[in-house]
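Asks: give me a 3D structure for the following:
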Amino acid sequence: MPGYGDSPPAETVATAQGRVAFLDHVLQELGIRRPVLVSPSMSGRFALPFLLARGDQLAGFVPVAPVGTKDYAAEQYRRVQTPTLILYGDRDMSLGPQALHSLWHLPRHRMAVVPDAGHACYLDKPEDFHRALLGFLRQLK
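Replies: Numbering: from 1, shown residues only. Predicted coordinates:
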């Protein structure tokens, strides 16, 4: 993502609207329609505004202890009708519970907690993470 890792900062993604436009452009360029958006940690800065603005374009949403959940009100989350799997590790004592507190307002959510896993639960317990993710994806069909 622009501005993260080794990529240079980009003015086009300095705002939530810019990040929505960026992600929309990526999906269009790839020709992906109705994707399931998996959003771990820092990608929440892109995924959450996209979910709130264009959630109807998603088949599903999988936030994995994303950042930025406190930036939006419960009422904004309540309007989203995208099926969601809220996922985090049970040893994530900061972002996991914080994200759950906000994302709990999504009306079509399920929750999965990866046992004995920290913030990067997909790295700590990949089999458990994938089992939860694949179960959610199967349910979307």
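
Asks: and stretch 127-139, how far out from the chain middle?
Replies: 15 Å (CA atoms, centre = their mean, to the nearest Å).

Asks: equivalent analysis for stretch 90-104, please.
Replies: Distance of stretch 90-104 from the chain centroid (CA atoms, centre = their mean) equals 13 Å.

Asks: could you check that stretch and say which residues are buried?
Replies: Judged by neighbour count using 16 or more other CB atoms under 10 Å, the buried positions of stretch 90-104 are 91, 92, 95, 96, 98, 99, 100, 102, 103. Any C-beta I mention is one placed from the backbone N, CA and C, and that applies to glycine too.

Asks: give the closest residue to the first one in space, chain neighbours not counted.
Replies: Just to be clear, that refers to residue 91. residue 118 (4.5 Å; CB to CB, 6 or more residues apart in numbering).

Asks: about what we covered before: the buried residues of stretch 90-104 in helices, which ones?
Replies: 95, 96, 98, 99, 100, 102, 103 (DSSP state H).

Asks: report pLDDT for the second one.
Replies: pLDDT, the model's per-residue confidence, is 92 for residue 96.

Asks: list the contacts of it.
Replies: By CB atoms under 8 Å, 6 or more residues apart in numbering, the contact set of residue 96 is 65, 88, 89, 90, 113, 119.
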